[in-house]
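Student: build me a model:
(chains A and B)
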Amino acid sequence: MTVANISVSETPLVLYTLRRADDALILGHRLSEWCGHAPMLEEDMALANTGLDLLGQARELYSYAAKVEGRDNDEDKFAYLRDVRQYRNLLLLEQPNGDFARTMVRQFFYATFADLYWRAMMRSSDLTLAAIAAKSEKESAYHVRHSSEWIVRLGDGTEESHHRTQSAIDELWAFIGEMFAVDDSERGLIDAGIAVDPVALRPQWLKTVSSVVSEATLALPKSDWMQQGGRSGRHSEHLGHLLSELQSMQRTFPGATW
Amino acid sequence: MATPNIPLWEVFIRSRNGLAHKHVGSLHATDATLALQAARDIYTRRGEGLSIWVVPSNAITASDPSEKGMMFEPAESKIYRHPTFYDVPDEVGHM
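Tutor: I've put the predicted structure just below:
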């Protein structure tokens, strides 16, 4: 049996909200993959907690996107019944967990961005987005602390942990540019005071990241070649595998509840 | 998920209405900062607390269970130490 993908009327506000929701869902799912596999029980819990924070953010954003779209889509349909090309998340967040260092670098890069982003979004003229941002910011502030403490310890730890963390930084660096990219659809919302202008956040992001990375005796790459595509549905091969797992139940037993 | 050579910490949480920090359990962490973070992630997930203490387990000096006769039994026969022999006037109300 095949289950058809939903269609989505991607007006600028729907698309904008879905992009943020997809970011949270995909990274949250990646973190959930650590459940039962983390290096120690304490981190197993910490990663699951973070994943649940992100899942909560995704649900609120999907619900709002559904309300704005005003058709019969809902949070579950957005999550379970869109294919790879319909997902709008950052490429960074769908990258595989790799080792613990790689997961922490991905988390650190994104959390540092997300925390600045939510803080700016608290001033959005869209009151729902502002309220979601206010709740999410407290969560992301802790994600920044948690991941940056690990970056310092891994970088300034053993030769092995230093090497692994530096490799992760080098490998994930090309996905950073996409966080700060703006397209025409988003430009209009920024001008209207609804969306956050990510370009304005870049100096502070770089400052925070540089300071932690240097305390960790690590280095940021000089390269400024950046990979893009996630925001318009052009993803790496990894997202398809992730979605096949995330969606398998609803695709196999459509509408199943328990 | 073995945690070899990682120090053990005791965790104390002060709940929303509680006056004192109460021992809630233990965890492994390499240093105090990570111990505090882990305590937050493990022991306050359901809104249990507003303040956390972590203490290195090896900083705690404990009584020896084999000495419990000498340590604690002498107190068991001293019922006069309990303040239960006073008549409390009704006007005092709940104490």
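
Student: just the CA atoms of stretch A:205-224, as CSV, please.
Tutor: Provided in CSV are the C-alpha atoms of stretch A:205-224 (Å, rounded to 0.1, in the frame of the first residue of the first chain):
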residue,chain,number,x,y,z
TRP,A,205,27.2,33.8,16.3
LEU,A,206,30.8,33.9,15.1
LYS,A,207,32.0,35.6,18.2
THR,A,208,30.4,33.1,20.6
VAL,A,209,31.5,30.1,18.5
SER,A,210,35.1,31.4,18.1
SER,A,211,35.5,32.0,21.8
VAL,A,212,34.4,28.5,22.7
VAL,A,213,36.4,26.9,19.9
SER,A,214,39.5,28.8,20.9
GLU,A,215,39.0,27.9,24.6
ALA,A,216,38.8,24.3,23.4
THR,A,217,42.2,24.8,21.6
LEU,A,218,40.5,24.1,18.3
ALA,A,219,40.3,26.1,15.2
LEU,A,220,37.6,27.2,12.8
PRO,A,221,38.3,26.5,9.1
LYS,A,222,39.3,29.4,6.8
SER,A,223,37.1,28.1,4.0
ASP,A,224,34.0,30.1,3.1
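
Student: so stretch B:11-26, near chain A or not?
Tutor: No. In terms of C-beta under 8 Å from any C-beta of the partner chain, no part of stretch B:11-26 sits within range of chain A; the closest distance is 10.6 Å. (C-beta placed from N, C-alpha, C; glycine too.)

Student: so for stretch A:198-209, what's the average pLDDT?
Tutor: In this model, stretch A:198-209 carries a mean pLDDT of 98.

Student: buried residues in it, which are they?
Tutor: Under the neighbour-count criterion of 16 or more other C-beta atoms under 10 Å in any protein chain shown, stretch A:198-209 has A:198, A:201-202, A:205, A:208-209 buried.

Student: can you count the residues close to residue 32?
Tutor: Looking at chain A here, since you left the chain open. 16 (other C-beta atoms under 10 Å in any protein chain shown).

Student: sorry, I should have been clearer: chain B.
Tutor: Neighbours of B:A32 (other C-beta under 10 Å): 13.

Student: per-residue confidence for it?
Tutor: On the pLDDT scale, B:A32 gets 97.

Student: give me the low-pLDDT residue ranges for the chain?
Tutor: In the absence of a named chain, this looks at chain A. For chain A, applying pLDDT under 70 flags the ranges A:1-2.

Student: actually it's chain B I care about, not the one you picked
Tutor: Applying pLDDT under 70 to chain B flags the ranges B:1-4, B:95.

Student: for it, which segments count as helices?
Tutor: Here chain B has its helices, by DSSP state H, at B:32-43, B:68-76.
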